[in-house]
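Peer 1: missing the sequence, but the structure's below:
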């Protein structure tokens, strides 16, 4: 992770934002470690996303001032419910531009997973187990970034205790949780987790910054009396021989996943874009007709009469020559969800712009 030198802040808005970020991270840990928490993943992810966002805001406040707030074309700050709109986490990542690929993919994983979890009424215990490694990396990356930006004085490790929640008993609740894993919503979330992991290059997937793999090492009774009862060891700290042994053992108990080469994986047609956006917003907001307006207004792809169909905004859209149509990616979906959530765009705005006399395109960078 590439960062600047530690930034000294003693008082003022940047310090206040930073302290709020740390408080959010500590609350996330408290939620995760409470044995009776029934919304562990949802609460932990939500608070950690807030912690990351505020950490970036503190950095930007200390380095560029108020430039991390959105502005209208007239130069005034954009507002929602009377409050200035600041960059969301995905924009902060892009504007900062110095995070390693593994750290970025870990953060983006939780941004997208949060949107999926918060709109579903499910028993999330099975999700908790599935993403334990990514949750650990989400926190460790945060602390590393926090210390790199603002110094060791803000480290969290002295405030943390690793909560051990083991059980040899299968309670009725655990059995019901396993049954609920068959529910469609849970299957959808698990499919997203598997698809996301399989989409990553090997060097990102195995990086501890994306997901920390821990081994619990019980100790026999003739060890030193001051030793911990259990050591947690990262796989990356094992010798090559021990890692090979671990791989041989786990190969016996895990399903083998085979990656098959495919085309246009993860790309969406307009109908798929609308369905995904509506699901994440929790309501049916846009149709393919609305989508065609938005695409034209922002000049994401050329019109049907254009000579070169490949002249798309490749950040969001690509031309599929085999099928002679256009496909859209996750960045386009993220942009639409963010724009509608923050009231930067409305259907009425799109309708007025679509049927205006000028029909001039808007600069999408003004909305990002």
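Peer 2: Perfect, thanks for sending it. Keep in mind that this is a model prediction, so the values were computed, not measured. Numbers count the residues shown, from 1 in each chain.
Peer 1: For this protein, give me the ranges with low pLDDT.
Peer 2: Residue ranges of the chain with pLDDT under 70: 1-5, 10, 36-39, 118-126, 157-186, 213-238, 243-263, 305, 354-360.
Peer 1: how about the helices in this protein?
Peer 2: In order along the chain, the chain carries the following helices (DSSP state H): 13-33, 40-63, 89-96, 101-117, 125-130, 132-150, 172-180, 184-199, 202-205, 240-250, 270-281, 288-297, 330-341, 347-354.
Peer 1: right, so of these, which gets closest to residue 6?
Peer 2: Closest approach to residue 6 among these (CB to CB): helix 132-150, 5.8 Å. Just so you know, the C-beta spots here come from the backbone N, C-alpha and C atoms, and that holds for glycine as well.
Peer 1: Can you report how many residues neighbour the residue lying closest to residue 288 once chain neighbours are set aside?
Peer 2: Closest residue to residue 288 in three dimensions, ignoring its sequence neighbours and counting by CB to CB, 6 or more residues apart in numbering: residue 270, at 4.8 Å. Other residues near residue 270 come to 20 when the count uses other CB atoms under 10 Å.
Peer 1: Let me know whether residue 270 touches residue 290 as I believe.
Peer 2: No. Applying CB atoms under 8 Å as the test, residue 270 and residue 290 come out as separate, 9.7 Å apart.
Peer 1: picking up where we left off before, including distance to residue 78, could the helices of the chain go into CSV?
Peer 2: Written out in CSV, the entries for these read as follows (distance: least, CB to CB, whole Å):
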stretch, distance to residue 78
helix 13-33, 19
helix 40-63, 15
helix 89-96, 13
helix 101-117, 21
helix 125-130, 34
helix 132-150, 26
helix 172-180, 41
helix 184-199, 31
helix 202-205, 34
helix 240-250, 50
helix 270-281, 19
helix 288-297, 18
helix 330-341, 11
helix 347-354, 13
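Peer 1: Tell me which of those helices approaches residue 322 most closely.
Peer 2: Taking CB to CB as the measure, those were each checked against residue 322, and helix 270-281 came out nearest at 17.4 Å.
Peer 1: That closest one - contacts with which helices or strands?
Peer 2: Helices and strands touching helix 270-281, by 3 or more CB pairs under 8 Å, 6 or more residues apart in numbering; DSSP states H and E, are helix 288-297, strand 325-328, helix 330-341.
Peer 1: got a list of contacts for that helix?
Peer 2: Helix 270-281 is contacted by residues 115-116, 119, 268, 284-288, 290-292, 295, 326, 328, 332-333, 336-337, 340-341 when judged by CB atoms under 8 Å, 6 or more residues apart in numbering.
Peer 1: Out of these, which end up buried?
Peer 2: When burial is judged by neighbour count using 16 or more other CB atoms under 10 Å, the buried members of the contacts of helix 270-281 are 115-116, 268, 286, 290-291, 295, 326, 328, 332-333, 336-337, 340.
Peer 1: before we move on, the earlier item: give me whichever of the helices of the chain is most buried.
Peer 2: When neighbours are counted by mean count of other CB atoms under 10 Å, the highest per-stretch mean among these falls to helix 40-63, a mean of 22.
Peer 1: And the helices and strands packed on helix 270-281: which comes nearest residue 90?
Peer 2: helix 330-341 (5.9 Å).
Peer 1: From the contact counts, what lies against that closest one?
Peer 2: Helices and strands touching helix 330-341, as assessed by 3+ CB pairs under 8 Å, 6+ apart, comprise helix 89-96, helix 101-117, helix 270-281.
Peer 1: Just send those helices back as TSV, with distance to residue 311 too.
Peer 2: As requested, those are arranged in TSV below (distance: least, CB to CB, whole Å):
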stretch	distance to residue 311
helix 89-96	23
helix 101-117	28
helix 270-281	18
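Peer 1: of all the ones you listed, which lies closest to residue 364?
Peer 2: When those are compared for distance to residue 364 using CB to CB, the nearest one is helix 89-96, at 12.8 Å.
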